[in-house]
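K.L.:
The following block contains a protein sequence and its predicted model.
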Amino acid sequence: MQVLQVQLEVGPDPAEVGRARRWARSRLAGSGVRDDEPLAETLILLISELVTNAVVHTGCPAVLRMLFGSSGAPGNAGTVRVEVADASCRPPQQRRAGGEDTGGRGLELVDGLADRWGWQPEGAGKRIWCEVDRGIPLIQVQLQPGAHGAGAQASGECDGAGCEACGREAAAVGYDPSHAVTPHG
């Protein structure tokens, strides 16, 4: 099995959400996910929600990653994983928006559209991820100690290493391959 990973740095500007969507569409097409497939629209909506949350709620730059699993079987692209890492130590909060509320539905949409989602600490910040299966699931999440999944409550406070939400300087967000997806088996 092969896993293709692509990533985009996203600035702390709401205009970056549109750029992230355009970038993701081109990467989906390059990975064999046609623009007219329902999977493409679902993934673009998930990406839009996760990037918007990172930009709006943290005020920090973020990193968008897409990972494509493949078994090598014709027509089977496996599982697509979307990750957004930011420098905020504040855990995501799933809310119930009222009928007239203009926000508060992002993680509810993610919960309804993704096959799996969750978050975990990453450096001084966090990584929020979701997965959508296409065909036979080929990769699964291997959570590290301290990771949190859909519906989990945060345990503990910010580690103090830095984030805007805590009033400290934000640290750079890095990628740790030990937190990557692993082959199903």
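P.N.:
Okay, I see it. These numbers were taken from a predicted model, which means no experiment stands behind them.
K.L.:
helices or strands next to the longest helix anywhere in the chain in the packing?
P.N.:
Across the chain, the longest stretch assigned as helix under DSSP state H is helix 38-58. The contact analysis (3 or more Cβ pairs under 8 Å, 6 or more residues apart in numbering; DSSP states H and E) places helix 38-58 against strand 2-10, helix 16-30, strand 62-70, strand 78-86, helix 106-113, strand 125-134. Glycine gets a C-beta too; all of them are placed from N, C-alpha and C.
K.L.:
so which of those gets nearest residue 39?
P.N.:
strand 125-134 (5.6 Å; Cβ to Cβ).
K.L.:
List the strands paired with the closest one, with their directions.
P.N.:
Strand 125-134 has its sheet partners listed here by DSSP bridges as strand 78-86 (antiparallel), strand 116-122 (antiparallel).
K.L.:
tell me the angle that strand makes with helix 106-113.
P.N.:
30 degrees (axes from the mean of the first three to the mean of the last three Cα atoms, to 10 degrees).
K.L.:
and strand 125-134, average pLDDT?
P.N.:
Strand 125-134 carries an average pLDDT of 93.
K.L.:
just to revisit the earlier point, dump the strands paired with strand 125-134 into JSON lines; add distance to residue 107 as well.
P.N.:
Converted to JSON lines, the strands paired with strand 125-134 look like this (distance: least, Cβ to Cβ, whole Å):
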{"stretch": "strand 78-86", "distance to residue 107": "12"}
{"stretch": "strand 116-122", "distance to residue 107": "8"}
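K.L.:
Burial-wise, tell me which of those strands comes out on top.
P.N.:
Among those, strand 78-86 has the highest mean neighbour count (mean count of other Cβ atoms under 10 Å), at a mean of 26.
K.L.:
Give me the angle between that strand and helix 16-30.
P.N.:
Using the same axes, to 10 degrees: strand 78-86 against helix 16-30 is 160 degrees.
K.L.:
tell me which residues in the longest helix of the chain are buried?
P.N.:
39-40, 42-44, 46-55, 57-58 (16 or more other Cβ atoms under 10 Å).
K.L.:
Export the strands paired with strand 125-134 to a markdown table and append columns for mean pLDDT.
P.N.:
Output for the strands paired with strand 125-134, formatted as a markdown table (pLDDT from 0 to 100):
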| stretch | mean pLDDT |
| --- | --- |
| strand 78-86 | 93 |
| strand 116-122 | 95 |
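K.L.:
pretty sure residue 34 is touching residue 40, no?
P.N.:
Yes. Using Cβ atoms under 8 Å, residue 34 is in contact with residue 40, at 6.6 Å.
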